[in-house]
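Student: Let's see this in three dimensions:
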Amino acid sequence: MVIRDLVIEDIKSLSDLYYQFWGEESDMQKMKNKFAKLQNNDAYIFLGAVENETLLGSIMGIVCDELYGGCRQFLVVENFIVDAPSRRKGVGKALFAELEKRARARECTQIILVTETERKDARSFYESIGFNPTSNKGFKKKLL
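Tutor: Below is the predicted model:
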């Protein structure tokens, strides 16, 4: 397995992974256009776990700037997905390890993510890789 930057050719496979989780079809043209735009934005990190030319998982990190203290950066994680048959095989840990490596290289002070409270498997995974479930409380408000 190799962890690498996603490329435009991965978009169809990425769409298939997203469908596994959200059960919603993606507009492929919009997805490709958005990826092409964001891929050139230094604030976005798109990683994929690939084995035998198959995308096993993906993660997106967004680097944000603080406006207080030393005005350092932090990283927000979104759209983390691992193909169902590839779970519990180290794919997620490898993706997070590379994302954390890149966040440290940018001198990010922390990594932030949100997951649904009923997703016990996800919460257990995040705890296993060092996220503290009791140090903060996250909130989410859906607008659409």
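
Student: I am assuming residue 35 contacts residue 6, so please confirm or correct that.
Tutor: Yes: at 7.5 Å, residue 35 counts as touching residue 6 under the criterion of Cβ atoms under 8 Å. All C-beta atoms are positioned from the backbone trio N, CA, C, and that covers glycine.

Student: List the buried residues of the helix or strand of the chain with the lowest mean pLDDT.
Tutor: Ranked by mean pLDDT, DSSP states H and E, the helix or strand of the chain with the weakest confidence is helix 120-128, at a mean of 87. Of all the residues in helix 120-128, those buried under the rule 16 or more other Cβ atoms under 10 Å are 125-126.

Student: send the alpha carbons of that helix over as CSV?
Tutor: Output in CSV follows, covering the C-alpha atoms of helix 120-128 (Å, rounded to 0.1, in the frame of the first residue of the first chain):
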residue,chain,number,x,y,z
LYS,A,120,-18.8,4.1,17.9
ASP,A,121,-16.4,2.4,15.4
ALA,A,122,-15.1,5.8,14.2
ARG,A,123,-14.8,7.2,17.7
SER,A,124,-12.8,4.1,18.8
PHE,A,125,-10.5,4.5,15.8
TYR,A,126,-9.8,8.1,16.5
GLU,A,127,-9.1,7.4,20.1
SER,A,128,-6.7,4.6,19.0
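
Student: Need the residues touching each of residue 35 and residue 6.
Tutor: residue 46 (Cβ atoms under 8 Å, 6 or more residues apart in numbering).

Student: Tell me what angle the longest helix anywhere in the chain forms with helix 120-128.
Tutor: Counting by DSSP state H, the longest helix found in the chain is helix 91-105. Put simply, helix 91-105 runs at 40 degrees to helix 120-128, going by axes from the mean of the first three to the mean of the last three Cα atoms, to 10 degrees.

Student: Pairing partners for the lengthiest strand in the chain, with directions?
Tutor: Criterion DSSP state E: the longest strand present in the chain is strand 54-65. Neighbouring strands of strand 54-65 in its sheet, by DSSP bridges, are strand 44-51 (antiparallel), strand 73-82 (antiparallel).

Student: mind putting these in JSON lines, distance to residue 62 and mean neighbour count included?
Tutor: Shown next, in JSON lines, are the strands paired with strand 54-65 (distance: least, Cβ to Cβ, whole Å; neighbours: other Cβ atoms under 10 Å):
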{"stretch": "strand 44-51", "distance to residue 62": "6", "mean neighbour count": "19"}
{"stretch": "strand 73-82", "distance to residue 62": "5", "mean neighbour count": "18"}
